[in-house]
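1. predicted model and sequence follow; I will ask about them next.
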Amino acid sequence: MTSDTISGTAYWETVQQELPGTVERARDSVGEAADLIAAALRDKGVIQVFGTGHSQALAMEVAGRAGGLVPTNQLSIRDRVLFGHEDPEEALDPFAERDPAVAAKVLDLAEIHPADIFIIASQSGGNGAIVEMARLVKERGHKVIALTSVAHSSRITARHPSGQRLFEVADVVLDNGAPFGDAALQLPDGTGVCALSTISGAVLVQMTVAETVARLLAAGVTPPLYQSANVPGSDERNARLEAEYAGRIRRTA
């Protein structure tokens, strides 16, 4: 592509071309993920979600949003500052996600119960903190759902000492279908522009939420769902639902 072919329309056409196939290929995995999540919620488990870098956007798509499930908690590298009183400069290190030791520090700052389930989001699926988080929680008996790009992960060497990538550790893999490098539109010099993973990842997340809610309803369970804070009366309603998970879910800006 050249400057005259890089456009919003070209990006949208690429999304329309790629997204249907991604969704179709992920249908079975979405169902498997929903089965695990619904079972965890029926046991009063919490969905613990972890992402680094831009994958934090997908963690936010799961945890604490309008129309989403209440028993959700976002784990983040910044928790080391917010809850662990570490030096902000250390916690804001852009390469912290590559350090496997970060995972245990973040995990130890959260109240994790046996019934909790983990969603771990990472486009590359190879950074040390991401893989270590998946390995740690698996060792502790938790199920792991990965939201990642298998195409990207398959072409990299993991930064974790085990050599494993996220998709190789997880119980269920939601493949976002994004290409190596994530950019949808390629330039002649080999660079690219406009990511796919955020859009496809958000779609897969919301499909999984919908399927989870369907399973809860089928089991006669009222889904614990957030109402938008901008709807009158929602603050009181949401607070009542959150109280059932006091100390286990954190809401930070």
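-> Looks like it arrived, so ask away.
2. residue 250 in helix, strand or coil?
-> Put simply, residue 250 is coil when judged by DSSP: H, G, I helix; E, B strand; the rest coil.
3. can you count the residues close to it?
-> By the criterion of other C-beta atoms under 10 Å, residue 250 has 17 neighbours. Backbone N, C-alpha and C define where each C-beta goes, glycine included.
4. also residue 127?
-> Neighbour count of residue 127, defined by other C-beta under 10 Å: 28.
5. so what's it up against?
-> Neighbour list for residue 127: 52, 97, 98, 159, 160 [criterion: C-beta atoms under 8 Å, 6 or more residues apart in numbering].
6. dump these to CSV, plus neighbour count and secondary structure.
-> As requested, the contacts of residue 127 are exported to CSV (neighbours: other C-beta atoms under 10 Å; DSSP: H, G, I helix; E, B strand; the rest coil):
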residue, neighbour count, secondary structure
52, 25, coil
97, 20, helix
98, 16, helix
159, 20, coil
160, 22, coil
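7. if I pick residue 136, what's in contact with it?
-> Counting by C-beta under 8 Å, 6+ apart, residue 136 has contacts 103, 104, 107.
8. what's the answer for residue 63, then?
-> Shown in contact with residue 63 (C-beta under 8 Å, 6+ apart): 47, 49, 72, 73, 74, 249.
9. which one of the residues you listed is nearest residue 166?
-> Of all the contacts of residue 63, residue 49 has the smallest distance to residue 166: 13.4 Å, by C-beta to C-beta.
10. what about that closest one, which SS state?
-> strand.
11. and it, how many neighbours?
-> Residue 49 is flanked by 27 other residues according to other C-beta under 10 Å.
12. quick check, it in contact with residue 62.
-> Yes: Residue 49 lies in contact with residue 62 (C-beta atoms under 8 Å); the separation is 4.4 Å.
13. quick check: neighbours shared by those two?
-> Counting by C-beta under 8 Å, 6+ apart, the residues touching both residue 49 and residue 62 are 72, 74, 119.
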